[in-house]
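> Predicted model, plus sequence, below.
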Amino acid sequence: QPMQPMQPMQPMQPMQPLQPLQPMQPMQPYDLNMYYDLSIAMQYGGMVPPPQPVPMMVSPMLAAPMMAPQSAMTPPPHQYPATPITTSMAAELPPHSTRFVAGHTALASKHGLAHHEGKLVALATDKRGSRVLQNRLAHMSEAQLVSACEELRPHLLSLAKHSAANYVVSALVSLPSAHAALIGALRGHVAELLKHPQGSRVVQAALVELPLPAATTMVAELQGCVAHCALDTHGSWGICAAYKRTHAPFILAEVIGSLHHLAVHQHGCRVVQRTLGEAAAAGAGVAEAAEALLNGDVAALATDSYGNYVVQITLRHANPSESVRLVGALLPHLLHLASSKHGSNVAEAMLSRATHQQLLQARAAVFADLLTLRQLMAHPFGNYVLQAMLRRLGPNERVSALRTIETNSADDNFGRAIIAQFVAAGATAA
C-alpha cells in the first residue's frame, strides 16, 4: 500500500510557570524530649522535663527558619527540674506526639511501684514490668525491699520458672535482705529447678550470690541425682556451677562413678570436663578419674566425638605416675588413634605426657615399617601426630627421623611440609 503522508506535529504547549516555594512554617515551641523511652520516664518516676522554647536558626540557602540540631536544643534530661506529665502539656503536642506521651504516661503509671503494692507478682510476670522491677529493686529502701519480699515470698517458686519473672528472682539473690525468703522458697526444689530452662538460671545465680553455708545446703539436695541432672541441657550447667561454688565431694564421686556414661554424652561430657578441671585446680586431683578410665575401654573412649575430651583433660591433669599408666594403655593403639579425627587429638596429648622410654616405643612403632610411615605422612590427621612425636624426641633422634621422612617425601604426602616446619624452627642440625 502507498505510504500515508505524515501528520504535521502539534505545536508544543507553553510550560506552566513554576509555583514559588512556600516558606517553611516554624515548628511549635514544644519540647521533643517529652516523648522519650520508658527507661528514662521511669528514672524520673513518671516525670518528664518541662516544655522548653526551641531555638531557631535561619538557613542561608533557604529563606525560612529551620530547627537547631538536637544537641543544641535539648540538654540531657537530668538538667531539667522534673514535672509530672499533665493533660494540658500533652495537649500542646501534635496528635501523634500526644498519643505517644499518653502511652508513656499510662506505662509510667502502670509501673509505678509505689502504686503497685499487692500487685508485684503481676508486674514481675509482665515483660516490661519485669525489667522495671529489676531496675527498681536495687534502689529500694530496706523497708520497701522487705515489704516487696514479703509480698513475693509465696510466689517465688513459680516466679523462678516464669519466662519473664525469673529475672526478677535472679536479681533478688544479689540483695542480702531477700536471702531468707529465697532460701525458703527454693528449699526442696533445687533438683527440679536445675533442669528447668528458667529455674536453672535462678539456681545458678543463687549459688553464686548466697553465703557458702546456704549454697552448700542447697547443693546437698542434689546428692544421688548428679548424673541424671548432668545429662540434661540446663542441669549440666547447674552441676558445673554447684561444684565450682562448693567443691562438694559427692558431686565429684558421682561424676566419676558414671564417667563412661557421661563422657559419651553431649551435656555429660561438659560436666566431666568442668568437674575434673575444677578438682585439679582445687588440689583434689584426678586419680579416681584416671583409674575409672583404665578400668574401661579407654581406647574406644579416645576415638569418641565427646569422650576424647575427657581422656585429654585427664591426661593433662594426671600426676606423673597416673599419666604413665594412661599413656601405657593408649600406646598400643597409637597408629589407630593417629588416623582418627578425634583420636588424633588424644594421640598428641598422650605423646606430650609420654616418658622418654615411651617416646622411643612410639618412634619404633612408626618408623619400623616404611609403609606405615608413608601412610602417616599422607594422612590429614596422622601427620600432626607425627610432628607432635618429633617435637618430643631428642636432637639426634629428631635429625635421624627427619632424614628418614625426607627420603620418603613425595607429592602425595606431607613430608616436605613437615621438614619445612622443623627447618624453620631451627630444629635440625647441619
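Arrived safely.

> mind checking pLDDT for residue 138?
Confidence at residue 138, expressed as pLDDT, is 85.

> Sorry, slip of the keys, the one I care about is residue 11.
pLDDT, residue 11: 73.

> Looks to me like it is in a helix.
No: Residue 11: not assigned to a helix; according to DSSP: H, G, I helix; E, B strand; the rest coil it is coil.

> dump the residue contacts of it.
Residue 11 makes contact with no residue, according to Cβ atoms under 8 Å, 6 or more residues apart in numbering. (C-beta placed from N, C-alpha, C; glycine too.)

> I'd like the distance between it and residue 18.
Distance, residue 11 to residue 18, by Cβ to Cβ, to the nearest Å: 22 Å.

> cool, residue 214 as well?
For residue 214, the distance to residue 18 - Cβ to Cβ - is 80 Å.

> the more surrounded of those two?
The neighbour comparison of residue 214 against residue 18 (other Cβ atoms under 10 Å) goes to residue 214, with 18 against 6.

> Can you give me the buried ones in the host helix or strand of that one?
Here residue 214, judged by DSSP states H and E, is contained in helix 212-220. Residues 214-216, 218-219 are the ones in helix 212-220 that count as buried (16 or more other Cβ atoms under 10 Å).

> so can I have a markdown table of those showing pLDDT and distance to residue 370?
Shown next, in a markdown table, are the buried residues of helix 212-220 (pLDDT from 0 to 100; distance: Cβ to Cβ, whole Å):
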| residue | pLDDT | distance to residue 370 |
| --- | --- | --- |
| 214 | 96 | 66 |
| 215 | 96 | 60 |
| 216 | 96 | 61 |
| 218 | 96 | 62 |
| 219 | 97 | 57 |
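
> Turn those residues into TSV, including distance to residue 394.
Shown next, in TSV, are those (distance: Cβ to Cβ, whole Å):
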residue	distance to residue 394
214	56
215	51
216	50
218	54
219	49
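
> ok, of those, which one's closest to residue 196?
If you rank the buried residues of helix 212-220 by distance to residue 196 using Cβ to Cβ, residue 218 comes first, at 14.9 Å.

> and stretch 141-158, average pLDDT?
pLDDT averaged over stretch 141-158 gives 93.

> do the same with stretch 340-358
96.

> residue boundaries of the strands in the stretch 51-200 of the chain?
Counting by DSSP state E, counting those that start in this stretch, the stretch 51-200 of the chain has strands at residues 56-58, 65-67, 83-84.

> State the phi and psi torsions of residue 222.
phi -80, psi -10 (degrees, to the nearest 10).

> which non-adjacent residue is nearest residue 383?
residue 414 (4.2 Å; Cβ to Cβ, 6 or more residues apart in numbering).

> isn't the one you found right next to residue 381, touching?
No: using Cβ atoms under 8 Å as the test, residue 414 is too far from residue 381 to be in contact (10.7 Å).

> ok, those two, which is more surrounded?
residue 414 (22 against 18).

> quick one: contacts for that one?
Per Cβ under 8 Å, 6+ apart, neighbours of residue 414: 377-378, 383.

> So which of the residues you listed sit within helices?
Using DSSP state H, the subset of those located in helices is 377-378, 383.

> gap between the nearest residue to residue 292 once chain neighbours are set aside and residue 183?
Ranked by Cβ to Cβ, 6+ apart and with sequence neighbours excluded, the top spatial neighbour of residue 292 is residue 259, at 4.5 Å. With distances taken as Cβ to Cβ, residue 259 is found 33 Å from residue 183.

> Compare these two (neighbour count), which wins?
residue 259 (25 against 17).

> Next, work out how far apart that one and residue 377 are.
35 Å.

> before we move on, the earlier item: what does the helix holding residue 214 rub up against?
Contacts of helix 212-220 (Cβ under 8 Å, 6+ apart): 179, 183, 186-187, 190, 203, 206-207, 210, 242, 245-246, 248, 251.

> again with stretch 316-326
Residues contacting stretch 316-326 (Cβ under 8 Å, 6+ apart): 276-277, 280, 285-287, 290, 293-294, 298, 311, 314-315, 349-350, 353, 355, 358.

> What of stretch 287-298?
Against stretch 287-298 from outside (Cβ under 8 Å, 6+ apart): 252-253, 256-257, 259-260, 272, 276, 301, 310-311, 314, 318-319, 322, 325-326, 329-330.

> Give me the buried subset of these.
252, 256, 259-260, 272, 276, 301, 310-311, 314, 318, 322, 326, 329-330.

> Closest one to residue 126 out of those residues, please.
residue 272 (40.5 Å).

> Can you check the pLDDT for residue 36?
Reading off the model, residue 36 has pLDDT 38.

> In contact with the closest residue to residue 307 other than its chain neighbours, which residues?
Leaving aside its sequence neighbours, residue 307 sits nearest to residue 301 (Cβ to Cβ, 6+ apart; 3.9 Å). Residue 301 sits next to 260, 263-264, 293, 307-308, 310-311 when contact means Cβ under 8 Å, 6+ apart.

> same question, residue 408
370, 373-374, 377, 415.

> Might you report the residue contacts of the residue nearest to residue 292?
272, 289, 292-293, 296, 310.

> measure it to residue 364 for me?
32 Å.

> what's the closest non-adjacent residue to residue 262?
Nearest to residue 262 is residue 268, by Cβ to Cβ, 6+ apart, at 3.2 Å.

> What count of nearby residues applies to that neighbour?
26.

> Could you say which helix or strand holds it?
Going by DSSP H and E, residue 268 is in helix 266-281.

> Can you check the pLDDT for the most far-flung residue of the chain relative to its centre?
Within the chain, the residue lying farthest from the chain centre (Cα atoms, centre = their mean) is residue 2, at 84.1 Å. Residue 2 is assigned a predicted lDDT (pLDDT) of 72.

> now swap in residue 60 and tell me
44.

> Same check on residue 369?
89.

> One more: residue 422?
87.

> Then residue 330?
pLDDT at residue 330 comes out at 97.

> my guess is it contacts residue 346, does it?
Yes: between residue 330 and residue 346 there is a contact under Cβ under 8 Å: 6.9 Å.

> Overlap in contacts, these two.
302, 311, 337.
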